[in-house]
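S.K.: Here is a sequence with its predicted model. Questions after.
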Amino acid sequence: MRESNGVWRSTTVLGLTLRGQTAMGGDGQVTFDDTIMKHTAQKVRRLSDGRVLAGFAGASADAFTLFERFETKLEDFSGNLARAAVELAKDWRMDKYLRRLEALLAVIDGQHALIISGNGDVIEPDDGIVAIGSGAPYAIAAARALNLHTKMNADQIVRTALEITADICVFTNKDITIEVL
């Protein structure tokens with residue numbers, strides 16, 4: 001019998017802006033080791049009076065703490081997404097309490113698409129497509145292919161890419177939530 005190391009796995013969150021539409025979506029699955037614990041988790045939300053979309057991968061309680069901190073940073077910097085992200089990443093890396101949080105954030109506002117980590121990373125992908133979580137590589141690949149070879153809009157690409165990911169990644173399901181700006 002294998003001893004459990006207690007690994008939580010879950011999530012695929014994907015966001016992009018295309019032809020003036022910004023969309024972010026996430027699946028609903030939460031997995032502990034090889035057991036699906038929840039099918040309908042909400043991993044994407046609107047922040048900053050609905051002007052920013054944010055999604056998380058990792059521990060839920062940690063993510064909610066980061067959402068609150070990030071929203072405060074957005075307020076402090078008048079909705080400037082890039083500045084708020086850098087300031088959160090600095091705090092996250094330097095603060096003894098925050099440093100222990102295990103999550104990633106993907107944030108997008110139509111001008112910037114960023115991934116923020118507890119290592120102090122703020123990454124803005126060249127193509128403006130952000131993805132985090134267990135299924136991120138699959139979701140990015142699907143979104144890039146759909147972007148190049150279809151006329152789909154942003155929310156259609158997000159939904160289709162997440163559905164493709166759910167067919168490949170065992171830590172991703174088809175209970176998809178999408179928010180659109």
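M.R.: Perfect, I can see it now. Numbering: from 1, shown residues only.

S.K.: Determine the next helix or strand in the C-terminal direction from the lengthiest helix in the chain.
M.R.: Longest helix of the chain, by residue count under DSSP state H: helix 60-76. Proceeding C-terminally, helix 60-76 gives way to helix 81-94 as the next helix or strand, assigned by DSSP states H and E.

S.K.: I'd like the average pLDDT over the following helix or strand past that following helix.
M.R.: Next helix or strand after helix 81-94 toward the C-terminus (DSSP H and E): strand 103-108. Averaged across strand 103-108, pLDDT comes to 90.

S.K.: Next: stretch 43-52.
M.R.: Computed over stretch 43-52, the mean pLDDT rounds to 92.

S.K.: Output that stretch as PDB, nothing but the C-alphas.
M.R.: Listed next in PDB are the C-alpha coordinates belonging to stretch 43-52 (Å, rounded to 0.1, in the frame of the first residue of the first chain):
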ATOM      1  CA  LYS A  43     -11.400  29.400  -9.500                       C
ATOM      2  CA  VAL A  44     -11.900  32.600 -11.500                       C
ATOM      3  CA  ARG A  45     -13.300  35.900 -10.200                       C
ATOM      4  CA  ARG A  46     -13.700  39.500 -11.100                       C
ATOM      5  CA  LEU A  47     -11.700  42.100  -9.100                       C
ATOM      6  CA  SER A  48     -11.300  45.900  -9.100                       C
ATOM      7  CA  ASP A  49     -15.000  46.700  -9.800                       C
ATOM      8  CA  GLY A  50     -15.100  44.000 -12.600                       C
ATOM      9  CA  ARG A  51     -12.200  45.500 -14.600                       C
ATOM     10  CA  VAL A  52      -9.700  42.600 -13.800                       C
END
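
S.K.: Buried ones in stretch 26-38, by neighbour count?
M.R.: Using 16 or more other CB atoms under 10 Å as the burial criterion, the residues of stretch 26-38 that qualify are 26, 27, 28, 29, 30, 31. C-beta coordinates here come from the backbone N, C-alpha and C atoms, glycine included.

S.K.: Excluding chain neighbours, what is closest to the third one?
M.R.: This means residue 28. residue 175 (3.5 Å; CB to CB, 6 or more residues apart in numbering).

S.K.: what does the second one give?
M.R.: If you skip the residues right next to it in sequence, residue 27 has residue 172 as its closest partner in space, 4.7 Å away by CB to CB, 6+ apart.

S.K.: give the contact list for that neighbour.
M.R.: 11, 12, 27, 29, 133, 134, 135, 138, 162, 165, 166 (CB atoms under 8 Å, 6 or more residues apart in numbering).

S.K.: Quick check, the third one in contact with residue 168.
M.R.: I take that to be residue 27. No: counting by CB atoms under 8 Å, residue 27 stays clear of residue 168, with 12.0 Å between them.
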